[in-house]
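Participant: Coordinates only, no sequence provided:
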């Protein structure tokens, strides 16, 4: 095997969820490193994670000096990866080996193509788009379809590290529209998103999610991004 994956996890005050997120892939040889980047947690999550993973050389822990918020912390986590190919995973979600299997079944990894899951189980079902390639030319026509907009705003996907960093925009903080904005930037640069059949993960819904805690900060930004996506074509 000549291609290895980094799993990049931005986290904040989520010690137990973070452990659960990677428990199923911790010993998968295809994952050569797991980057956990703590966003200046206030509840000693970072210290607990250091203690928990002290015997796991694969797990690399980092901590921001100050809180960057979700959008910038995702970028920071990806920037710390040493592999060219990464899975960006929210710390309150869970992947297993079947998720990684689906990535390797695709075969050709294209730096301009995101591999996105078809199902954020058990709630967000994107299987209607499985096998489809989303481009700047066709994204607008799918926006009204059930769960498509949700799919664009739930990252948890496989992406080329360098291309992700290249298109990332440092001039904004999208708050709870961070994923859909990054995907807009991705498509804007004529990259594509491929929805992989069989690629699934567990998407936890809970009262302390970043979305619920911070959605009031987003304002009209989300609608502005939707307009930009429609205008791409």
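Facilitator: Arrived safely, thanks for sending. This is a predicted model, so every value here is computed, not measured.
Participant: going forward, measure contacts and count neighbours with C-alpha atoms only.
Facilitator: Noted.
Participant: what about the helices in this structure?
Facilitator: Taking DSSP state H as the test, the helices found in the chain are 15-22, 45-52, 70-79, 97-106, 139-142, 148-152, 161-167, 178-188, 210-214, 221-231.
Participant: Surely residue 5 is in contact with residue 86?
Facilitator: Yes: at 5.4 Å, residue 5 counts as touching residue 86 under the criterion of Cα atoms under 8 Å.
Participant: Compare neighbour counts for the two and give me the winner.
Facilitator: Set side by side, residue 5 and residue 86 show more neighbours around residue 86, with 25 against 22, by other Cα atoms under 10 Å.
Participant: Quick check: pLDDT value at residue 207.
Facilitator: Residue 207 carries a pLDDT value of 62.
Participant: Could you report the neighbour count for residue 64?
Facilitator: 13.
Participant: Next one: residue 49 relative to residue 170, how far apart?
Facilitator: Separation of residue 49 from residue 170 (Cα to Cα, to the nearest Å): 29 Å.
Participant: Same check on residue 32?
Facilitator: 29 Å.
Participant: Equivalent analysis for residue 199, please.
Facilitator: In terms of Cα to Cα, residue 199 sits 30 Å off from residue 170.
Participant: now residue 146
Facilitator: For residue 146 relative to residue 170 (Cα to Cα), the value is 30 Å.
Participant: quick one: which of those two has more around it?
Facilitator: Ranked by neighbour count (other Cα under 10 Å), residue 146 and residue 170 place residue 146 first, with 13 against 9.
Participant: What pLDDT does the model give that one?
Facilitator: Confidence score, pLDDT, at residue 146: 96.
Participant: got it, and the one 3 residues further on?
Facilitator: Confidence at residue 149, expressed as pLDDT, is 96.
Participant: So what's the residue count around it?
Facilitator: 15.
Participant: Which residues are in contact with it?
Facilitator: The contact partners of residue 149, by Cα atoms under 8 Å, 6 or more residues apart in numbering, come to 143, 180.
Participant: how close does it sit to residue 16?
Facilitator: 29 Å.
Participant: What of residue 104?
Facilitator: 29 Å.
Participant: cool, and residue 77?
Facilitator: Distance from residue 77 to residue 16, by Cα to Cα: 19 Å.
Participant: what do you get for residue 215?
Facilitator: Per Cα to Cα, residue 215 is found 23 Å from residue 16.
Participant: Likewise for residue 127?
Facilitator: Noted for residue 127: a distance of 30 Å to residue 16, by Cα to Cα.
Participant: who has more neighbours, those two?
Facilitator: For residue 127 versus residue 16, neighbours defined as other Cα under 10 Å are more numerous around residue 127 (19 against 13).
Participant: List the residues that contact the residue nearest to that one when sequence neighbours are not counted.
Facilitator: Distance criterion Cα to Cα, 6 or more residues apart in numbering; nearest residue to residue 127, sequence neighbours excluded, is residue 118 at 5.0 Å. For residue 118, the contacting residues are 125-127, 129-130, 195-200, by Cα under 8 Å, 6+ apart.
Participant: Out of these, which comes closest to residue 94?
Facilitator: residue 200 (9.6 Å; Cα to Cα).
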